[in-house]
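Participant: sequence? don't have it. structure:
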């Protein structure tokens with residue numbers, strides 16, 4: 001009998017099973033591969049500051065980071081990519097790298113650095129799900145981490161301040177969304193009739209931008225013009241995360 005699997009992640013809102021990109025990726029992949037996981041939101045625990053989520057617990061194993069969790073699930077014979085060709089496997093790696101390079105900085109900026117979004121959406125959401133005094137520390141910790149990560153990856157000399165890299169960040173992100181939209185075309189999934197790990201990664205990155213009630217977001221406005229990408233997110237939510245298919 002297979003050991004029970006527990007997935008610790010940030011909880012859901014905005015019509016999403018989680019507001020957290022990495023958690024969304026793993027939740028989607030678990031659904032696509034048929035892995036049965038018990039979802040445990042870390043809301044209201046002392047782990048909200050120190051925990052690395054998502055975290056998959058199975059027997060004596062504790063696995064973190066989406067790629068490592070997906071690899072672990074594959075070893076348990078939950079493999080959503082088993083029908084992919086070598087070329088499709090290479091494409092998966094290339095598009096996943098593209099998401100990290102081009103879309104990640106804009107995602108971080110939109111939720112954690114943009115002052116209006118942070119004050120009105122992101123900070124209140126995470127603060128409300130963290131106990132005192134972490135309700136002050138958790139949002140600040142994530143915001144500082146996001147800013148540092150953006151400047152580390154995008155702040156090449158002489159671009160040292162965040163205001164100087166914003167234009168490049170959003171230009172790259174819109175280009176990435178356009179490429180994803182072109183690659184998806186009229187298909188429901190990126191490869192064939194069933195979703196794979198690439199679909200999970202794209203969903204995790206794109207769905208929060210699409211669904212969040214953002215006061216300020218040129219990226220969200222651009223995304224909502226790409227009907228096939230928004231339909232892609234809606235289809236996954238309807239098929240795998242609707243009330244008829246509760247996650248967890």
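Facilitator: Thanks, I have it. Computed from a prediction, not measured in an experiment: that's the story for all the values here. Residues are numbered from 1 along each chain as shown.

Participant: I'd say residue 83 and residue 193 touch.
Facilitator: No. At 9.4 Å, residue 83 does not count as touching residue 193 under the criterion of CB atoms under 8 Å. Any C-beta I mention is one placed from the backbone N, CA and C, and that applies to glycine too.

Participant: Give me the contacts around the helix ranked longest in the chain.
Facilitator: Ranked by residue count and defined by DSSP state H, the top helix of the chain is helix 162-184. Applying CB atoms under 8 Å, 6 or more residues apart in numbering, the contact partners of helix 162-184 are 95, 98-99, 101-103, 105-107, 109, 113, 147, 150-151, 154-155, 159, 190, 202, 206, 218-219, 222-223, 226, 228-229, 232.

Participant: Mind checking which of those are buried?
Facilitator: Neighbour-count burial (16 or more other CB atoms under 10 Å) is assigned, among those, to 95, 98-99, 102-103, 105-107, 109, 113, 147, 150-151, 154-155, 190, 202, 206, 219, 223, 226, 229, 232.

Participant: More neighbours: residue 83 and residue 193, which one.
Facilitator: When residue 83 and residue 193 are compared for neighbours, residue 83 comes out ahead with 12 against 8, by other CB atoms under 10 Å.

Participant: hmm, back to that, now go through the contacts of helix 162-184 and say which are in helices.
Facilitator: 95, 98, 105-107, 147, 150-151, 154, 202, 206, 218-219, 222-223, 228-229, 232.

Participant: in the protein, what spans have low per-residue confidence?
Facilitator: In the predicted model of the chain, residues 1-2, 43-51, 154-163, 243-248 satisfy pLDDT under 70.

Participant: residue boundaries of the strands in it?
Facilitator: 5-9, 37-41, 55-58, 61-64 (DSSP state E).

Participant: Of those, flag the one that's most buried.
Facilitator: strand 5-9 (a mean of 22; mean count of other CB atoms under 10 Å).

Participant: Tell me which of the strands of the chain approaches residue 120 most closely.
Facilitator: Checking the strands of the chain against residue 120 by CB to CB gives strand 37-41 as the closest, at 22.4 Å.

Participant: And for that closest one, what's in contact with it?
Facilitator: Taking CB under 8 Å, 6+ apart as the rule, strand 37-41 contacts 4-12, 17-18, 27, 30, 56, 247-248.

Participant: please redo it, this time with the cut-off set to 7 Å
Facilitator: Under the criterion CB atoms under 7 Å, 6 or more residues apart in numbering, residues 4-11, 30, 247-248 lie in contact with strand 37-41.

Participant: quick one: which of the residues you listed is nearest residue 136?
Facilitator: The closest of these, once distances to residue 136 are taken by CB to CB, is residue 10, at 17.7 Å.
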